[in-house]
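Enquirer: make a model of this:
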Amino acid sequence: DCNVCWTGAEEVCDEEDNDCDGFSDEGVTVPVGDRIAVSDSLAGEVRDRFTLESLDNGSVLVFFIDDSLPRSNGVARSVRFETDGSIGASEVVDPETAESQSHIASARIGDRVFVAFSVGSRLRARAYSGSTGAPVTPPTWMNDEGDGGAFTAISGLGTFVLFAYEGRDALHFVGSSAGLGSIGPPETVSSFAESSFRRPVRWVSEPGDPDIRWLFAADTVEGESGIYGSRIDFLAEEISDRQLVQETFAIEDFSVLEIGAERLLLRGDRTEDTGFAAIETLSLSSTGVTITDQTTLDPVEGAYFGLTGVADGNALRIIGNRLATEAGVFVYTNATGDWVSTLVEPTIGSYFPMLGSPRAAFFDATDSEGNTRVFARRLGCRD
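Expert: Okay, here's the model as predicted:
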């Protein structure tokens, strides 16, 4: 029994790449069943209020700030979404109360999943098993009171873990061991030009050099709004001056994805009357960062928010929230050079939808009682 594909073959829903384009089941998967409530009520009207990582068996570990308790602040919790659509018990990540405006982030690094969020003006983190989803460290403070902790981003560097976060007026990072022991005081990457509440932060590695990381953050400098990047050489202990990566109006929404040696910037943007989703290829080196290629998806009269992606072998699936005449959460796959879209959920309230795997989409939306929760839709074959 051999799996054989050829160019021009008809793609069928069998979890195989029938037409040899790098994707399996593109354009033929559909949302399966009703949406599934994954979390209790989410805290705050902010982005990055839930996050998730895939486990070894294909299930998804979802983290969120729970605001369903009768108190002014929320609690960080985790819940496991299984491949069959069942939901495990919700567990408390940390008994410390998180602010209702907390931003929560996670990353899969090696055999562990790391999650971090702000408690007051301080950063808190914990590690989980990438196979079982069980906690393997206690909750740990990563910095001092008053240092900040909003819009956290997490990356690995050898055996260490890097936590970047927004302080009161600057972008910082702190390093730790996999057991969350601190390896030094926080470092300042750059000062922010203007005070801003929503300022996403993303790590990306430089291809070919394991000691180099780039840290991207949104800011407005001398009236120029956009995404700025700083190059950090951990071996030489050098941090470059930040440079403008992409001038963009919608600086609140972007992500960076690594697929092999490719580095992709995913962002929603808009002109005066047209919204679009942009996929841009980045070239990162000691001379700086440049955009070498751009693909624009599905321009509409409206806007795009919360573009993220997931690697599917050497290919890419993208999820985003489209605010337009046909609004909702869409998944895009690249089929033989053309992007095919699938409507996952007709909602306009999702700030930052995410793909837990090629077969599961997650988004925030309101339930019948008006509470904002994390929901999931499974993607599968037509009956």
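Enquirer: look up how far G275 lies from L297.
Expert: 10 Å (CB to CB, to the nearest Å). Heads up, the C-betas are built off the backbone N, CA and C, glycines and all.
Enquirer: per-residue confidence for T248?
Expert: If you check T248, the pLDDT there is 76.
Enquirer: ok, now how distant is it from E16?
Expert: According to CB to CB, T248 stands 38 Å off from E16.
Enquirer: looking at these two, which is more packed in?
Expert: Shown here are T248 and E16; by other CB atoms under 10 Å, T248 has more neighbours (20 against 13).
Enquirer: tell me the contacts of the more buried one?
Expert: Taking CB atoms under 8 Å, 6 or more residues apart in numbering, we find T248 in contact with 225-227, 254, 267, 269.
Enquirer: quick one: these as JSON lines, columns for distance to I109, neighbour count and secondary structure too.
Expert: JSON lines is the format used below for these (distance: CB to CB, whole Å; neighbours: other CB atoms under 10 Å; DSSP: H, G, I helix; E, B strand; the rest coil):
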{"residue": "S225", "distance to I109": "31", "neighbour count": "19", "secondary structure": "strand"}
{"residue": "G226", "distance to I109": "28", "neighbour count": "16", "secondary structure": "strand"}
{"residue": "I227", "distance to I109": "24", "neighbour count": "22", "secondary structure": "strand"}
{"residue": "F254", "distance to I109": "21", "neighbour count": "26", "secondary structure": "strand"}
{"residue": "R267", "distance to I109": "24", "neighbour count": "26", "secondary structure": "strand"}
{"residue": "D269", "distance to I109": "30", "neighbour count": "21", "secondary structure": "strand"}
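Enquirer: could these go into TSV alongside pLDDT?
Expert: Shown next, in TSV, are those (pLDDT from 0 to 100):
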residue	pLDDT
S225	81
G226	86
I227	90
F254	85
R267	85
D269	75
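Enquirer: and these as TSV, adding distance to V75?
Expert: TSV is the format used below for the contacts of T248 (distance: CB to CB, whole Å):
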residue	distance to V75
S225	34
G226	35
I227	32
F254	28
R267	31
D269	35
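Enquirer: residues in contact with S59?
Expert: By CB under 8 Å, 6+ apart, the contact set of S59 is 80-83, 133.
Enquirer: quick one: buried residues of the host helix or strand of W203?
Expert: W203 is part of strand 201-205 when elements are defined by DSSP states H and E. For strand 201-205, a neighbour-count test (16 or more other CB atoms under 10 Å) marks 201-205 as buried.
Enquirer: which of these scores worst on pLDDT?
Expert: Confidence-wise, V201 trails the rest of the buried residues of strand 201-205, at 86.
Enquirer: burial of the residue nearest to G33 when sequence neighbours are not counted, as a residue count?
Expert: The shortest distance from G33 to any non-neighbouring residue, by CB to CB, 6 or more residues apart in numbering, is to R378 (6.2 Å). Applying other CB under 10 Å, we find 22 residues neighbouring R378.
Enquirer: from memory R378 sits against T29, does it?
Expert: No: judged on CB atoms under 8 Å, R378 makes no contact with T29 at a distance of 9.4 Å.
Enquirer: list the contacts of T308.
Expert: 255, 257, 266, 318-320, 352-355.
Enquirer: state the distance from the nearest residue to it once chain neighbours are set aside to V79.
Expert: In space, and not counting its chain neighbours, T308 is closest to S255: 4.8 Å by CB to CB, 6+ apart. Separation of S255 from V79 (CB to CB): 22 Å.
Enquirer: quick one: the strands in the stretch 51-200 of the chain?
Expert: For the stretch 51-200 of the chain, applying DSSP state E, counting those that start in this stretch gives strands covering 60-66, 74-81, 91-98, 104-109, 112-119, 122-129, 140-141, 150-157, 160-166, 170-177, 187-191.
Enquirer: give me the contacts around whichever strand or helix holds A365.
Expert: Element membership for A365 (DSSP H and E) is strand 360-366. Residues outside strand 360-366 that contact it (CB under 8 Å, 6+ apart) are 31, 35, 38, 42, 49-50, 52, 60, 62, 81, 83, 319, 321, 329, 331, 344-345, 347, 349-356, 372-379.
Enquirer: quick one: buried residues of that strand?
Expert: So, applying 16+ other CB under 10 Å, buried residues of strand 360-366: 360-365.
Enquirer: likewise for stretch 368-375?
Expert: 372-375.
Enquirer: so which of those is the closest to R231?
Expert: Nearest to R231 among these is V374, at 34.6 Å by CB to CB.
Enquirer: and for that closest one, nearest residue in space, chain neighbours not counted?
Expert: V374 sits nearest to S39 (CB to CB, 6+ apart), 3.9 Å away.
Enquirer: what does P185 give?
Expert: V174 (7.4 Å).
Enquirer: try V115
Expert: Nearest residue to V115 in three dimensions, chain neighbours excluded: S106, at 4.4 Å (CB to CB, 6+ apart).
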